[in-house]
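Participant: Got a predicted structure here, sequence first:
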Amino acid sequence: MPKLPSIIFGLAGWSGSGKTTLAEKLIHNFSRRGYKVGTIKHAHHKFETDIKGKDSWRHREAGAINVIVSSDYRTAHFNHHTPSDAPSLSDLIKLSKGIDILLIEGFKKYDIPKIEIWRQEVDKPFLYTEDKHVHAIAIETRLDDCHIEQLDLNNIEEISDFILTSSKFKNSRLT
């Protein structure tokens, strides 16, 4: 039976801070280093992943709430639900088996270990001052009065190494 990821961490920040860009760079870097990486991305609105007219879309439109599409190269699982029966983050993490590192983008209000992405031009407050689950901040310019680890937002190797070596992101802390 595949095990859950040994490293789980979130990227949190305001819209426009660069979460997705950093996620892409980290995924690429970890994959290049030989790690199996999985992701969970939070969406704030209805979104479509099926292509209109394709079989999976047609199945969903016909009323299926659970659609699985599989080939020799990939499998996609679509589960349609109402807001009241949406899966919890814990449920989603349990689906993430057989990988080494799980990157969670968004979910900034959830109690998971996180790295904050912060850019001055976004003009929003820091998250780390109110969220005890933010253990580091990825930022372009160092802060004077910051009690958590500061990482250079443009240094992917530094951020990757921090994630791999910090006990804060070990899955055993979450179970």
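Facilitator: Now that the structure is in, tell me what you want to look at. Numbers count the residues shown, from 1 in each chain.

Participant: rest of the way, CA atoms for contacts and neighbours
Facilitator: OK.

Participant: Show me the strands in this structure, by range?
Facilitator: Counting by DSSP state E, one finds strands in the chain at the ranges 7-12, 37-41, 66-70, 75-79, 101-105, 114-117, 134-139, 149-152.

Participant: just those: most buried one?
Facilitator: Greatest average neighbour count among the strands of the chain goes to strand 114-117 (a mean of 27), per mean count of other C-alpha atoms under 10 Å.

Participant: Give me the packing partners of it, helices and strands only.
Facilitator: strand 7-12, strand 134-139 (3 or more C-alpha pairs under 8 Å, 6 or more residues apart in numbering; DSSP states H and E).

Participant: chain center to the first one, what's the gap?
Facilitator: Here strand 7-12 shows a centroid-to-chain-centroid distance of 6 Å under the convention C-alpha atoms, centre = their mean, to the nearest Å.

Participant: Kindly report the same for stretch 28-41.
Facilitator: 11 Å.

Participant: what comes into contact with it?
Facilitator: 27, 92-93, 96, 98-106, 156-157, 160 (C-alpha atoms under 8 Å, 6 or more residues apart in numbering).

Participant: Just flag the most distant two among these.
Facilitator: Using C-alpha to C-alpha, the two most remote members of the contacts of stretch 28-41 are 92 and 157, lying 27.6 Å apart.

Participant: can you tell which of the helices and strands packed on strand 114-117 is closest to residue 85?
Facilitator: Here strand 7-12 is closest among those (C-alpha to C-alpha), at 23.0 Å.
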